[in-house]
Structures are given as structure tokens and as C-alpha cells.
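K.L.:
Pasting a predicted model and its sequence here:
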Amino acid sequence: MNSYIAPAAGKPHVLLVNLGTPDAPTPTAVRRYLRQFLSDERVVDLPRWKWLPILNLVILPLRSGPVSRKYREIWTAQGSPLAVETAALAARLGELRPDWEVAAAMRYGNPDMAATLRAWVAAGVKDVRVLPLYPQYSITTVASVQDVVDAVAPGANVVPPYFAHPAWLDAVADSIRRSWEQHGRGEHLLFSFHGIPQRLADAGDPYPEQNAFAAAEIARRLGLTLEDWTLTHQSRFGREPWLLPDTQSTAVQLTLEGTRTIDIVTPGFAVDCLETLEELQIGVAAKVQAAGGRARVIPCLNGAPEHAAALANWVDRHA
Ligand SMILES: C=CC1=C(C)c2cc3[nH]c(cc4nc(cc5[nH]c(cc1n2)c(C)c5CCC(=O)O)C(CCC(=O)O)=C4C)c(C)c3C=C
Ligand SMILES: [Fe+2]
Ligand SMILES: [Fe+2]
């Protein structure tokens, strides 16, 4: 025996988990992705006998084609923005913390979080930390990641939501300031968060309060008054009432009332994705322009060094 080499299994293993995205911007790949995503009872909590026929006979046949065309509009040479940016963030975190093994995975689609966790458990890794890339808790997102962890790596540590972490709040506020310096400051700032059904909020999902806290803390860091900003929700799905007010209606209403320039920031999304790049940057911006105004979407933190540093610090605190 010569020199001793510490086994890789001895390092803390940190898994960043994002929602997931299709493997290709095609109807077939989108269908496969939506089937897995929308079959999750945490996401759609209707009785299976009622939901699965609707999903398979109505939603998937009608939605896969049109949604694949939306993905096509934002697809990059490296792949889906959500996958590319999540991998970039994981790489940045790995550079920052060479003492950790860092990987990126998805709740739905690839790379599959369950497969990564099973491989780590099989390799004898003792210290596994899972960081869901959702700043705010929702049963529809974080509880679903927890389900997979409970099933395949029950000894792993799931790091709590970071919506109140000062370093993260500072990083988002700084990104808004930087956008203002580069492009000028809009007359109004919208904090746009992905929606959930109002019914889940009424039943106690803490998501709305965590969004409100984060938006108010970021606004405070920017010295904004209550007239300067509005919290809105986007990406409504299905027919039941979702959280209000809606991002697009609010942006158009503000424009019609005379606001000429609107900035939109999305502190519920760790990285840019279909919902920020297509729904907001393409869709909402066009509606605002048609109403005679201008909306600018501020990029997510993505692989920014301050983002990786804030998350590293948060993971450390919850070891
Ligand atoms: C009942 C349906 C849905 C709930 C509840 C929901 C909650 C939720 N979603 C995110 C983050 C993202 N969602 C994204 C896409 C997306 N979301 C839904 C449905 C629900 N989301 C669908 C059907 C889709 C796919 C696109 C479409 O068919 O319209 C994405 C982007 C994925 C990408 O590939 O870029 C993100 C991110 C959160 C944070 C959340 C609850 C808090
Ligand atoms: Fe969603
Ligand atoms: Fe959407």
C-alpha cells in the first residue's frame, strides 16, 4: 500500500433538483414529459380514475403539439434552457466547493433524480444533501421531490426552502439593480411567480406567504414603496381558480392605465425556462407592446456566482 486516496464516497454529495423539461422540442418528447409530470398526484390531486382519462384522452393529445412549438422557440444548441442553466449552476457550485460532489438532476425527465440518488446510495455515500431548486415551498413541487427522496434515499438530507436567506435575497435585488443600470429602470416592477390552485393555498400550502415575504424583502432592499411594485402569478393550468392577480392581465392593465415601462422579475424560478422565456419574454411582452407599452423581463440568477455562493452557504447551514 502506498498513498491513501480518500474515497469519493466520503465527500458530501449535493444534488440540485429542478422540475424537469422535455428531452427534445418535439410532440413525442413533450408528451412523454407531460405524462410523467402531470401524472404526479402532488401536481394534480384529483382522484386517479377521474384525472388519468382526462390526461390521456384530452390533455396530452391536445397539448403536446402546441407546447412543443413553444419549446422550439426557446430551444438552444445545448438543449432546453432549464436543463442547460441548471447544469451551469451545478458546475458553478462544484467550482466553488471542490470538497463537494455536486450534480444536477430533475424531478421529471432527465437526468433522473431517482437514478442519481440510487447510484450514490449504492456507492456507499453517507452524506447526501438534496437541494430542491425552488426558493419557496409548495406541496406541488418540494413535497414531490421529498417523495422521491423518501422512496430511494431515505437517509438523505433535503435542504429547506431558501426564500428568506439574506444572501439569496441580496443576489436577486442586485440582479434587478444591474438590469436597471444596463437598460434603464421601468416605471413599475412586477414580481411574477408561478401560480398554484387557490384551493391548495386555502388548504394551507405556505407558498403564497413565502412569495409575499420574498417580494417584500427584495422590494425593501431596492428602496421601493408599495406603489412601485406588484406581486402577480403566471402559468395558470386548467379550469379551477388559481392564485391572483395574473401577470399578463396586470401588465396589460397597468399599460392601459398609462404605465409606459414595466420590469418583470421572477424570484420563484432559479433558472430561466419555458415560463420565463416563452410565456413572459415572448408572450406577455407582446401583449404589453400591443397595448402601447414596454415590458422587460429580468433574467433569473441562473449560473451567476452570487447565486451559487448563496446556495452553497444555505446548504452548509443545513448540513
Ligand atoms: C397543475 C399543474 C401545475 C402546477 C400545480 C404547477 C406548479 C408549479 N410549476 C412550477 C415551475 C415550472 N413549471 C413549468 C412548466 C409547466 N408547469 C405545468 C403545470 C403546473 N405547474 C405544466 C403543464 C408545464 C409545462 C408547460 C406547459 O404544458 O404549459 C416550468 C418550466 C419547465 C421547462 O421545461 O422549462 C417550471 C420551471 C412551480 C415553481 C410550481 C409551483 C410552485
Ligand atoms: Fe409549472
Ligand atoms: Fe406555461
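P.N.:
Received, thanks. Numbering: from 1, shown residues only. Ligands and ions are numbered 1, 2, ... in the order given.
K.L.:
Could you use CA atoms for every contact and neighbour count after this?
P.N.:
Fine.
K.L.:
Now Val158. Nearest residue, chain neighbours left out?
P.N.:
Val130 (4.7 Å; Cα to Cα, 6 or more residues apart in numbering).
K.L.:
Can you spell out which residues form a bridge with the one you found?
P.N.:
When assigned by DSSP bridges, Val130 has beta-bridge partners Leu15, Val158.
K.L.:
Show the contacting residues for it.
P.N.:
Contacts for Val130 were tallied using Cα atoms under 8 Å, 6 or more residues apart in numbering; they are 14-17, 156-159.
K.L.:
So which bits of the stretch 1-150 of the chain are right by ligand 1?
P.N.:
Contacts of the stretch 1-150 of the chain with ligand 1, taken as Cα under 6 Å from any ligand atom, map to 19-21, 43-44, 67, 82, 138, 140-141.
K.L.:
Most neighbours among those, which one?
P.N.:
Using other Cα atoms under 10 Å as the neighbour criterion, Thr21 leads those with 26 neighbours.
K.L.:
my read: that one touches Arg35, true?
P.N.:
No. Look at Thr21 against Arg35 with Cα atoms under 8 Å: they stay out of range, at 11.7 Å.
K.L.:
coming back round to it: report pLDDT for the residue nearest to Val158.
P.N.:
Per-residue pLDDT puts Val130 at 98.
K.L.:
And it, how far from Arg97?
P.N.:
With distances taken as Cα to Cα, to the nearest Å, Val130 is found 15 Å from Arg97.
K.L.:
In stretch 184-197, which residues are buried?
P.N.:
Neighbour counts over stretch 184-197 (16 or more other Cα atoms under 10 Å) mark 185-186, 188-197 as buried.
K.L.:
Those also near ligand 1: which ones?
P.N.:
By Cα under 6 Å from any ligand atom, the members of these lying near ligand 1 are 194, 196.
K.L.:
Out of the buried residues of stretch 184-197, which comes closest to Val58?
P.N.:
Distance to Val58 across the buried residues of stretch 184-197 (Cα to Cα) is lowest for Pro197, with 20.0 Å.
K.L.:
Check the contact between that closest one and Gly238; I expect there is one.
P.N.:
No. Applying Cα under 8 Å as the test, Pro197 and Gly238 come out as separate, 9.1 Å apart.
K.L.:
Pretty sure Val14 sits against Trp100.
P.N.:
Yes. Using Cα under 8 Å, Val14 makes contact with Trp100 at a distance of 6.9 Å.
K.L.:
And the two? Which one has more around it.
P.N.:
Counted by other Cα under 10 Å, Val14 and Trp100 do not tie: Val14 has more neighbours, with 25 against 16.
K.L.:
Would you enumerate the residues in contact with that one?
P.N.:
Contacts of Val14 (Cα under 8 Å, 6+ apart): 100-103, 128-131.
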